[in-house]
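> here is a sequence with its predicted model. Questions after.
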Amino acid sequence: MTITDVNTAFADEKARQIDAARNRERTFQARIDRGEIRLLGSDRYEVLTGWDRGEVFTVSRNAEGEIDAILANHGLDERADGTIALYASSPAWHGLGQIIPGGTTDIDTVLREGGLDFTVTTVPALYQWGGELREHADQFHTVREDTGAALGAVGRRYQPIQNRQGFEFLQELVGRFDVVWESAGVIRGGRRVFISIRLPESVTVDAEGINDIVVPYVAVMNDHSGQGQFQCVVTPWRPVCANTERFAVRDAVSRWAVRHTAGATNQIKEARRTLGLSVQYFEQFAAEETALARTDIAIDDFRKVIGDLWPLDDDASKRTRTNHAARLSALDEVFATETERVGRTAYAAERAITGYLDHVAPRRPGRSMTEEIARATAALEGSDDDMKSKAHKRLMLLTRA
């Protein structure tokens, strides 16, 4: 019979915990030192490299200040069994969801693993009046048929576009029915879903210099809340969560969208024509980005671009001047980070401006929204598209100087 000294066992276990905590700290600090992540403030960090560049996560610490857990700000739904409603062909940075290495071509598997295996219907909107329940003739609610959860309020002309139709849309778009699905997931209780595939083509930004590989994906984002369209974008990013969903709009070469009305799913030919052209133009996209990557830029030139984008009037109030200075300081910090990665170039300046707009610029979330969801919504609706296009055109002028 073996007698265990509980004090020794406790000491050994505590030592293992301390070693594990130290290793976690060393690994985390090494990632910071390598420029893979950076501190945003209040233990919030941003991923700076790889497919998941731009992702934001929070680190919780114990009473001793050691890392206790890394909390993914993924924004994805949790299923009844406690797993995250996400399918992916390779792990994302947060390590969540159902991973099938190399992906699958089976739609039913992706629907199930990604939590998209539900349909949506509309039911009449009701209201109380004079002690009786009345039906609003022109108002309806979108409802999940599996749970009965209400997703949004819509008008009479609204017709749901089901999740499976999004998969079929992508199959027809690329003209193949052996598509390997890259990712699929559910956000905000099913109000929004996304699906993506990877295209075989890839292009390189500045092959002889920074050698940034751009791999185009095609992503569908479907809204069941009545507040958005069914849209498809060609993008060099992988929309595996709410954070990267905004990249799919931010960096999209082209997008196609349709409202949820009768005949919406019959417009595939127009989408194929529009998005097919945009895939062909990826090389032009890479050519322009390469030109930016090969154009050096001084900090004064960067600030002149910022001044053109956000001009400050001579008679601006003290508060406006304070906000302007804060914006410039934030942009300088993001630019410094990007220059460490790709050099002090116009390409770094463009990355800094788009990064600031997506991750740093103040957002006022609505009553039912977190700041992260507010940022994702702003990007999805294209709130900053004009500013980003203006920045790109302004920086392209420097390549011809």
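Arrived safely.
> check which helices and strands the helix or strand that contains residue 185 sits against.
Here residue 185, judged by DSSP states H and E, is contained in strand 181-187. Here strand 181-187 touches strand 86-88, helix 107-113, strand 192-198, going by 3 or more CB pairs under 8 Å, 6 or more residues apart in numbering; DSSP states H and E. Where you see a C-beta, it was placed from the backbone N, CA and C, and this is true even at glycine.
> show me which residues of the helix or strand following the second one are buried.
Towards the C-terminus, the helix or strand next in line after helix 107-113, according to DSSP H and E, is strand 120-129. Taking 16 or more other CB atoms under 10 Å as the neighbour-count basis, strand 120-129 is seen to contain the buried residues 120, 122, 125.
> can you give me how far strand 120-129 is from the chain middle?
For strand 120-129, the distance between its averaged C-alpha position and the chain's averaged C-alpha position is 33 Å (CA atoms, centre = their mean, to the nearest Å).
> strand 192-198 and that strand, what's the angle between them?
For strand 120-129 against strand 192-198, the angle between stretch directions is 160 degrees (axes from the mean of the first three to the mean of the last three CA atoms, to 10 degrees).
> partner strands of strand 120-129 and their direction?
Looking at strand 120-129 with DSSP bridges, its paired strands and their directions are strand 132-144 (antiparallel).
> outside of the partner strand, which residues touch it?
When contacts are taken as CB atoms under 8 Å, 6 or more residues apart in numbering, the neighbours of strand 132-144 outside the stretch itself are 118-128, 149-156, 158, 160, 189-190, 224-226.
> again, only using 7 Å
By CB atoms under 7 Å, 6 or more residues apart in numbering, the surrounding residues in contact with strand 132-144 are 118, 120-127, 149-156, 158, 160, 190, 224-226.
> model confidence over it, on average?
When pLDDT is averaged over strand 132-144, the result is 93.
> so where's the stretch 101-250 of the chain uncertain?
Segments of the stretch 101-250 of the chain classed as low confidence (criterion: pLDDT under 70) are 175, 177, 200-201, 203, 214, 235-250.
> what about the residue lying closest to residue 204 once chain neighbours are set aside, distance to residue 152?
The shortest distance from residue 204 to any non-neighbouring residue, by CB to CB, 6 or more residues apart in numbering, is to residue 213 (5.7 Å). Here the criterion is CB to CB, to the nearest Å. By it, residue 213 lies 39 Å from residue 152.
> which one of the two is surrounded by more residues?
For residue 213 versus residue 152, the count of surrounding residues by other CB atoms under 10 Å is larger for residue 152: 18 against 11.
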